[in-house]
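Peer 1: Here you go, sequence then predicted model.
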Amino acid sequence: MSSLPGTTGSARTLGIVLLVLIVLPLIFYSAFEISSLSEGEELMREIYRRQLDAILFSLNQHAWDVNSSWATQLDQSMGTGKVIPDTALQRFLERTPTLDAVVEMDSSARNVLNTVQPGGDATPLSNDEVVACTDTARTRLDALLRYRRLDYRKLEPFVLSQARNGDARIMILFARSLASGGEGFAGLVFRERRFIDLVIGPKIADVASGEFLVAVFRRGQDTAIIASGAVPPGAQFQRRDLWLFPGHEIGIRLLGATVDEAVRSRFKRNLLLIIALDLVLLGGAILIYRNVRAQMEFARLKSTFVSNVSHELRTPLALIRMYAETLEMGRLKDERKKQEYYETILRETDRLSHLVNTILNFSRMEAGKRPYKMKEVDLNDLLRGVMETYRLHFEQHGIRPVVELADVPATVQADPDAITEAIINLVDNAIKYGGTTKYCAVRTRVRSDATVLEVEDKGIGIAPEHQKKIFDVFYRVPAGLVHETKGSGLGLSLVRHIMNAHNGSVEVESAPGAGSTFRLVFPVGPATTRT
Ligand code: ADP
């Protein structure tokens, strides 16, 4: 938008203020948020990892607790006598179907004192097998005894035998005191697969609770032994050792995504949010800037309008007063001179009333109060009328207008007074901005799609960047001849208003230095009145 230096300065100040108040803080805030996002990402990853670890820990703890409770029951069933009450043990085994056998050994762990197995198809357990698995683990056995002396029952897993399908027999051993005063060991024997299925399985399903995928693996392998749901191929798990099952791991991951994926998608979401927020705020700042700038420009145009109109009013008034005074004093004897004075007074009065009418009509239109009386009108007739009225005016400017009317009646539905006013504004401009070429042509055309009235001059023309704005209220092209040619800046906006009310339009075709052609276009079809 072209503007006076004052407006440009204020717009620049406004731009700087907005930049300092909104855009710069926004940039700093976004940069800070984005950098803390990556820190947050690391933190989130850590939190997730710990949370998953806690769940794995609770699973291990559960397996431990189950064994611990069995150990307590076994301890009680065995009693402390030298003679082990087999019937009590049998009852214990019946209550605990996961178990394959219970074993009692002396403190050297070389002698099996007793082995009790449930009836049925349990694989027989030989004493040699039991002794063999503890043979090389004296340190672990001693540790169990030491814990016992401290009144703590520690559980220690031993692999009894690897079965063909890898389903090993596990013995969970703990130290206990015998009635004889001596110490010994007792062992809970079960197949690891059975334990995993019956004890760990339900717990896994429980903790997964639709949020996680939990699975038990053999160490280093990707195929799960059991899992809380379908394991996607190549899925990465956070893994920890299963305490009581040597060579086994328990793994966990978020359902549908790994922790990294979840954190990354969170990061992306937050980043998008920041960008969206930035865009909204920036959009707001731009909107404010444009709005205020438009308001400032409008205020400037308005004040120019006031000064132009005052000038437009003052000049003819001064002329009229001066000529009228001269005539009134009766000092003028020359009749021709007198005639000239009368004509000037008349012309200036016309100019004044034209200006006042324009302003009044404009304010009525702005308020939406101008009534239009539509009727069938021949544009040829209207144009002829205007040219007749303006004949003298053209002559005074040394212009012999070219009039080219359509051969057929250029009939449109229109308010003749309003259209006449529009034509006068265009003709007036053609004279005002016609420069030195002394050329003005008016035409009517009847096309299949529209009836057109055009006014052409070969004057100063209008640069493309102003061609839209000249129809805005108060807008005047701020350069060259226009500065010397006074006007209100209302004429063309009035024309546009009138044409809109006729469902038509006003077009301009112009090039600087080459002249302008303004066209009033009335589309074919019944016109409806709009105000
Ligand atoms: P005014 O003529 O009173 O300034 P208008 O609304 O009639 O107001 O015109 C707005 C502006 O458009 C004018 O100030 C002038 O710069 C430009 N303009 C209008 N008609 C012409 C024309 N025929 N040739 C060149 N410039 C024109």
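Peer 2: Good, I have the coordinates. Numbering: from 1, shown residues only.

Peer 1: can we go C-alpha only for contacts and neighbour counts from here?
Peer 2: Fine.

Peer 1: before we move on, which element is the spatially most central residue of the chain in?
Peer 2: In the chain, the C-alpha nearest the mean C-alpha coordinate belongs to Ala276, at 3.9 Å (C-alpha atoms, centre = their mean). Using DSSP states H and E, Ala276 maps to helix 259-328.

Peer 1: gap between that helix and the chain center?
Peer 2: Taking the mean C-alpha point of helix 259-328 and that of its whole chain, the gap between them comes to 26 Å (C-alpha atoms, centre = their mean, to the nearest Å).

Peer 1: And the strands in the stretch 51-200 of the chain?
Peer 2: Along the stretch 51-200 of the chain, the stretches classed as strands by DSSP state E, counting those that start in this stretch are 99-106, 112-116, 156-161, 169-177, 183-191.

Peer 1: Looking at those strands, which one is packed in the most?
Peer 2: Across the strands of the stretch 51-200 of the chain, averaging neighbours per residue (mean count of other C-alpha atoms under 10 Å) puts strand 169-177 on top, at a mean of 25.

Peer 1: Against which helices or strands is that one packed?
Peer 2: Using 3 or more C-alpha pairs under 8 Å, 6 or more residues apart in numbering; DSSP states H and E as the contact test, the elements touching strand 169-177 are helix 24-78, helix 138-149, strand 156-161, strand 183-191.

Peer 1: ok, back up a step: how much space is there between the residue nearest to the centre of the chain and Leu282?
Peer 2: 10 Å (C-alpha to C-alpha, to the nearest Å).

Peer 1: tell me the average confidence for stretch 202-211?
Peer 2: For stretch 202-211, mean pLDDT is 88.

Peer 1: Which residues does it contact?
Peer 2: Residues from elsewhere that reach stretch 202-211, judged by C-alpha atoms under 8 Å, 6 or more residues apart in numbering: Ile55, Leu59, His62, Val214, Ala215, Ala227, Ser228, Leu254, Leu255.

Peer 1: Who wins on neighbours among those residues?
Peer 2: Top of the contacts of stretch 202-211 by neighbour number is Val214, holding 33 neighbours under the definition other C-alpha atoms under 10 Å.

Peer 1: in which helix or strand would I find it?
Peer 2: Short version, using DSSP H and E: Val214 is in strand 212-218.

Peer 1: which phi and psi does the closest residue to Glu404 other than its chain neighbours have?
Peer 2: The spatial neighbour of Glu404 that comes closest, neighbours along the chain excluded (C-alpha to C-alpha, 6 or more residues apart in numbering), is Arg443 at 4.6 Å. Recorded main-chain torsions at Arg443 are phi -140, psi 150, according to degrees, to the nearest 10.

Peer 1: Specify the beta-bridge partners of Arg443.
Peer 2: Residues in a beta bridge with Arg443, per DSSP bridges, are Glu404, Glu454.

Peer 1: and it, what does it touch?
Peer 2: Contacts of Arg443 were listed using C-alpha under 8 Å, 6+ apart, and they are Val403, Glu404, Leu405, Ala406, Leu453, Glu454, Val455.

Peer 1: Tell me which two in the residues you listed are the farthest apart.
Peer 2: With distance counted by C-alpha to C-alpha, no two of the contacts of Arg443 lie farther apart than Ala406 and Val455, which are 13.9 Å apart.

Peer 1: quick one, which of those two is more surrounded?
Peer 2: Between Ala406 and Val455, counted using other C-alpha under 10 Å, the more crowded position is Val455 (22 against 16).

Peer 1: And for the more buried one, nearest residue in space, chain neighbours not counted?
Peer 2: Closest residue to Val455 apart from its sequence neighbours, by C-alpha to C-alpha, 6+ apart: Val442 at 4.5 Å.

Peer 1: How much space separates that neighbour from the ligand?
Peer 2: 12 Å (C-alpha to the nearest ligand atom, to the nearest Å).

Peer 1: Use 88 as the first number from now on
Peer 2: Okay, residue one is now 88; in that scheme the one you just asked about reads as Val529.

Peer 1: got the contact list for that residue?
Peer 2: By C-alpha under 8 Å, 6+ apart, Val529 lies in contact with Leu470, Pro488, Val489, Val490, Glu491, Leu492, Leu540, Glu541, Val542, Glu543.

Peer 1: Also Tyr410?
Peer 2: Taking C-alpha under 8 Å, 6+ apart, we find Tyr410 in contact with Tyr428, Tyr429, Ile432.

Peer 1: of those residues, closest to Ile287?
Peer 2: Of all these, the one with the least separation from Ile287 (C-alpha to C-alpha) is Ile432, at 111.9 Å.

Peer 1: Can the helix or strand that closest one falls within be said to contact the ligand?
Peer 2: Secondary structure here is read from DSSP H and E; on that basis Ile432 sits in helix 422-453. No: contact between helix 422-453 and the ligand, assessed by C-alpha under 6 Å from any ligand atom, is absent, since the two come no nearer than 9.0 Å.

Peer 1: and that helix, what other elements does it pack with?
Peer 2: Using 3+ C-alpha pairs under 8 Å, 6+ apart as the contact criterion, the elements in contact with helix 422-453 are helix 346-415, helix 578-588.

Peer 1: my guess is Glu128 contacts Val350, does it?
Peer 2: Yes: Glu128 is within contact range of Val350, at 6.0 Å (criterion: C-alpha atoms under 8 Å).

Peer 1: quick one, strands of the stretch 438-587 of the chain?
Peer 2: Listed in chain order (using DSSP E, counting those that start in this stretch), the strands of the stretch 438-587 of the chain are 462-465, 489-491, 498-501, 527-533, 537-544.
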